[in-house]
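Peer 1: This is a predicted model, with the sequence first.
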Amino acid sequence: MTAETIIQSLASGLLMGLLYGLIAVGLALIFGLMDVVNFAHGEFLMIAMYATFFLFAFFAIDPLLSAPLVAAALFVFGAIVYLLIVRFAVRAKANAGMVQIFSTFGLAIVMRGLAQFFFTPDYRSVTNSWLGGKTISIGGIYLPEPQLVGALVSIAAFAGLYFFIHRTDFGRALEATREDAGAVALVGIDKNRVFALGWGLGAALVGLAGAIMAIFFYVYPDVGASFALIAYVTVALGGFGSVFGAFAGGIIVGLVEATTALILPPSLKSVGIYAVYLLVVFVRPRGLFGSM
Amino acid sequence: MTITRRNVLLGATAAAALAPIASRAQTSEVVIGVIYPLSGASAQIGVDAQKAFETAADIINKNYDFELPLAKGEGLSGLGGAKVRLVFADHQADPQKGRAEAERLITQDKVCAIVGTYQSAVAVTVSQICERYQIPFISADNSSPSLHRRGLKFYFRAAPHDEMFSTAMFDFFDTMKKKGTKIDTLSLFHEDTIFGTDSGNAQAKLAGERGYKIAADIKYRANSPSLSAEVQQLKAANADVLMPSSYTTDGILLVKTMAELGYKPNAIVAQDAGFSEKALYDAVGDKLEGVISRGSFSLDLAAKRPMVGKINAMFKERSGKDFNDYSSRQFMGLIVMADAINRAKSTDGEKIREALVATDMPGETTIMPWKRVKFDDMGQNNDADPVLLQYIGGKFVTIFPPQAAVAEAVWPMK
């Protein structure tokens, strides 16, 4: 094992980790806001990737340009999912937790089925995009441009999110609602509106991730599954509901995955992630940056 | 409505009166179960497979002038012209779902035979169920060599398995070496289910026997979100030949990641799977000029045997795709099974099994480059000669063995 291999592994892990963070943050945001785990999170990613693919295939819009469009479309989609499904699921009088789980889980299955029906199960790829297949080499270390841009977008998105939550009225309303939804209603803030916008924002972030991912990953109806699993671990590791936790969790997952593959056979690389997660559970069950 | 004793009696009488018609209806139709991943990560394979089986059923059930068993005349002549009806089941690439679906096909849909399954891991459980119910099973496109070595009486495979395929690859390496090409080291890259594991083991064993050095032997987790760590190790090993055994998803990601990390091997010799799928070449074909894959089918054959081109056209009309290594084997799987049922003149499992054992189908009456279809005592057809195909200028040409080759191998790949 040479120094070059180690640096390359860490660099790839870091880039992937920042993307994992961007994929996971929507999940953390929604959970923090209303204690609901969105089991259709991977499918949100899937439709964002399909949207990017179709915009490219039919209108020749490069994924870099369509990313804001896809994020906006996902924002609307997320808000609609809240207004049509989740809003009713959280009202359940008995077994509210179960109803929430199965409503988003059911949504995931329906979305996958519809995607297979309408888009066919073929594997699609965005070919010849501006960044696709391009790579920067610095002293023998290769940094693929799509992942590099993805990492930058991720950092920018987290910075923007930080600013948004702490400096804007809506961000404050979001924070206030997650603190105490009842009190917020008393001062005249429409709880449903805040929740809908929260879902929209969460979906928009995963939409952004999906648009970037479509540059270097293949798209098919089940593509969300493996990334959703990583997103759940990322959120659990970083701390449920913590936006910064998702950022740190993503980086940790990316780095641990890359270093495990250096030491153990690559087929066991996810073992490292779950081992670290178990360790965190022992020491800090609420996750690294989770609040009580 | 309450059910009185009279209703029950009436119903029973009606059922008794209809029973002969029902049993007559059964003989005019032979029901065969087809079990594939129709949803989930490899749904695309299953959906294409459905088209291949429908094409085969169409040729059996209608009259076509092909030198293919059962093409001439309508239906199965041995059963009074009975038509073949296919019942499709979805195993979602999950061995446990495969087990349950096979059982359902047998007990509820009353199929007399089953063909499947793409994933070898699923063929393991499906064939066990078939054995228990004494229903013949044909592995149309499973290639793990361990499948036919389990001593099952109702298991048959007309196509080659991965040891035969891998042997062909090493024969090819030996030939190239004699011509002066430098092939000393190999990198194996295989996924972690039975297909990749068996293929990797077969290749490692052959490399040892024939004196090739394994520079890297990487087993990776199927459907990984990222393969960059794996590709780095391949790059560091920098063997003369990269030998992937990967399904479509991982194949696409492998090729993309290799380009991103600046790894360009001299040659890629793939164990089929993803590397014979159109989706992979649509996605990354520009990076794969000169890739070599093993196969059991090649459209080149249409030049020598015109019916191959005609049947391919029928398939293409349904699926929008040319036959590939998988769809062609699926097609043949049903033909071989239906031919046995026809000769058995019965839908009884044991009689069909006996007919399968007696199968001797000359290669010229198939759409494959095989010598013939004849099963050994473990149910494997050892006369199914594999070929190596090279992807050149957007299509596959046969480069090995010499008797089937239409072009010289391009080495190193571009």
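Peer 2: Perfect, thanks for sending it.

Peer 1: Quick check, pLDDT for residue B:159.
Peer 2: pLDDT, residue B:159: 94.

Peer 1: Is it in contact with residue B:296, as I believe?
Peer 2: Yes: look at residue B:159 against residue B:296 with C-beta atoms under 8 Å: they come within range, at 5.4 Å. C-beta coordinates here come from the backbone N, C-alpha and C atoms, glycine included.

Peer 1: got any residues that touch both of those two?
Peer 2: B:329, B:368, B:384 (C-beta atoms under 8 Å, 6 or more residues apart in numbering or on different chains).

Peer 1: Give me the subset of those residues lying in strands.
Peer 2: Counting by DSSP state E, no part of the shared contacts of residue B:159 and residue B:296 is found in strands.

Peer 1: For these, which entry has the maximal number of neighbours?
Peer 2: residue B:329 (27 neighbours; other C-beta atoms under 10 Å in any protein chain shown).

Peer 1: Next up, the contacts around that one.
Peer 2: B:140-141, B:158-159, B:296-297, B:368.

Peer 1: ranges for the strands of chain A?
Peer 2: A:135-138, A:141-144.

Peer 1: Generate a markdown table for those, with mean neighbour count and mean pLDDT as supplementary columns.
Peer 2: Listed next are those as a markdown table, based on neighbours: other C-beta atoms under 10 Å in any protein chain shown; pLDDT from 0 to 100:
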| stretch | mean neighbour count | mean pLDDT |
| --- | --- | --- |
| strand A:135-138 | 11 | 88 |
| strand A:141-144 | 20 | 90 |
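
Peer 1: Let me know the secondary structure of the residue lying closest to residue B:196 once chain neighbours are set aside.
Peer 2: Ranked by C-beta to C-beta, 6 or more residues apart in numbering or on different chains and with sequence neighbours excluded, the top spatial neighbour of residue B:196 is residue B:190, at 3.6 Å. The three-state assignment at residue B:190 reads strand, by DSSP: H, G, I helix; E, B strand; the rest coil.

Peer 1: Bridged to residue B:190, which residues?
Peer 2: Beta-bridge partners for residue B:190, by DSSP bridges, are residue B:219, residue B:245.

Peer 1: picking that back up, check the contacts of residue B:329 for the minimum pLDDT and say which it is.
Peer 2: residue B:296 (83).

Peer 1: show me the residues around the nearest residue to residue A:147 once chain neighbours are set aside that make contact.
Peer 2: Closest residue in space to residue A:147, ignoring its immediate chain neighbours: residue A:15 at 4.2 Å, by C-beta to C-beta, 6+ apart. Residue A:15 makes contact with A:143-144, A:147-148, A:150-151, A:254, according to C-beta under 8 Å, 6+ apart.

Peer 1: any idea which of the contacts of residue B:329 is closest to residue B:68?
Peer 2: residue B:368 (11.0 Å; C-beta to C-beta).

Peer 1: The residue nearest to residue A:43 when sequence neighbours are not counted: neighbour count?
Peer 2: Using C-beta to C-beta, 6+ apart and skipping the chain neighbours, the partner closest in space to residue A:43 is residue A:111 (4.1 Å). By the measure other C-beta under 10 Å, the count of residues near residue A:111 is 19.

Peer 1: Quick one: residues contacting residue A:111.
Peer 2: Contacts of residue A:111 (C-beta under 8 Å, 6+ apart): A:40, A:43, A:46-47.

Peer 1: Give me the buried entries from those residues.
Peer 2: Buried members of the contacts of residue A:111, scored by 16 or more other C-beta atoms under 10 Å in any protein chain shown, are A:40, A:43, A:46-47.

Peer 1: In helices, which of those appear?
Peer 2: Mapping the buried ones among the contacts of residue A:111 onto helices (DSSP state H) picks out A:43, A:46-47.

Peer 1: Average pLDDT for stretch B:223-242, rounded please.
Peer 2: Stretch B:223-242 comes out at a mean pLDDT of 91.

Peer 1: Quick one: name the residues of chain B near chain A.
Peer 2: B:39-41, B:43-44, B:46-47, B:192, B:218-221, B:223-226, B:228-230, B:232-233, B:236, B:248-249, B:252-253, B:256, B:259-262, B:277, B:279-280, B:282-284, B:286-287 (C-beta under 8 Å from any C-beta of the partner chain).

Peer 1: now, which of these lie within strands?
Peer 2: Those of the residues of chain B next to chain A mapping onto strands are B:218-220, per DSSP E.

Peer 1: Stretch A:182-191: end-to-end distance?
Peer 2: End-to-end distance for stretch A:182-191, by C-alpha to C-alpha, to the nearest Å: 8 Å.

Peer 1: can you list contacts of that stretch?
Peer 2: Stretch A:182-191 is contacted from outside by A:173, A:176-177, A:181, A:194, using C-beta under 8 Å, 6+ apart.

Peer 1: Where does confidence bottom out across these?
Peer 2: In terms of pLDDT, residue A:181 ranks lowest among the contacts of stretch A:182-191, with 79.

Peer 1: now that residue: how far from residue B:78?
Peer 2: Going from residue A:181 to residue B:78 by C-beta to C-beta, to the nearest Å gives 73 Å.

Peer 1: can you tell me which residues contact the residue in the stretch 51-200 of chain B positioned nearest to chain A?
Peer 2: Of all residues in the stretch 51-200 of chain B, the one sitting closest to chain A is residue B:192 (4.4 Å; C-beta to the nearest C-beta). Going by C-beta under 8 Å, 6+ apart, residue B:192 touches A:267, B:219-222.

Peer 1: Where does pLDDT dip in chain B?
Peer 2: Residues of chain B meeting the criterion pLDDT under 70: B:1-27.

Peer 1: now the strands for it?
Peer 2: B:29-36, B:83-90, B:113-116, B:137-139, B:155-156, B:185-191, B:213-220, B:241-245, B:267-270, B:292-295, B:361-362, B:372-373, B:387-392, B:395-400.

Peer 1: Switch the ones you listed over to a markdown table; also include distance to residue A:230 and mean neighbour count.
Peer 2: Shown next, in a markdown table, are the strands of chain B (distance: least, C-beta to C-beta, whole Å; neighbours: other C-beta atoms under 10 Å in any protein chain shown):
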| stretch | distance to residue A:230 | mean neighbour count |
| --- | --- | --- |
| strand B:29-36 | 29 | 24 |
| strand B:83-90 | 26 | 18 |
| strand B:113-116 | 32 | 29 |
| strand B:137-139 | 34 | 29 |
| strand B:155-156 | 38 | 28 |
| strand B:185-191 | 19 | 25 |
| strand B:213-220 | 16 | 19 |
| strand B:241-245 | 24 | 27 |
| strand B:267-270 | 28 | 25 |
| strand B:292-295 | 31 | 26 |
| strand B:361-362 | 49 | 18 |
| strand B:372-373 | 46 | 21 |
| strand B:387-392 | 33 | 24 |
| strand B:395-400 | 36 | 20 |
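
Peer 1: of the ones you listed, which approaches residue A:211 most closely?
Peer 2: Nearest of these to residue A:211, taken as C-beta to C-beta: strand B:213-220 at 26.8 Å.
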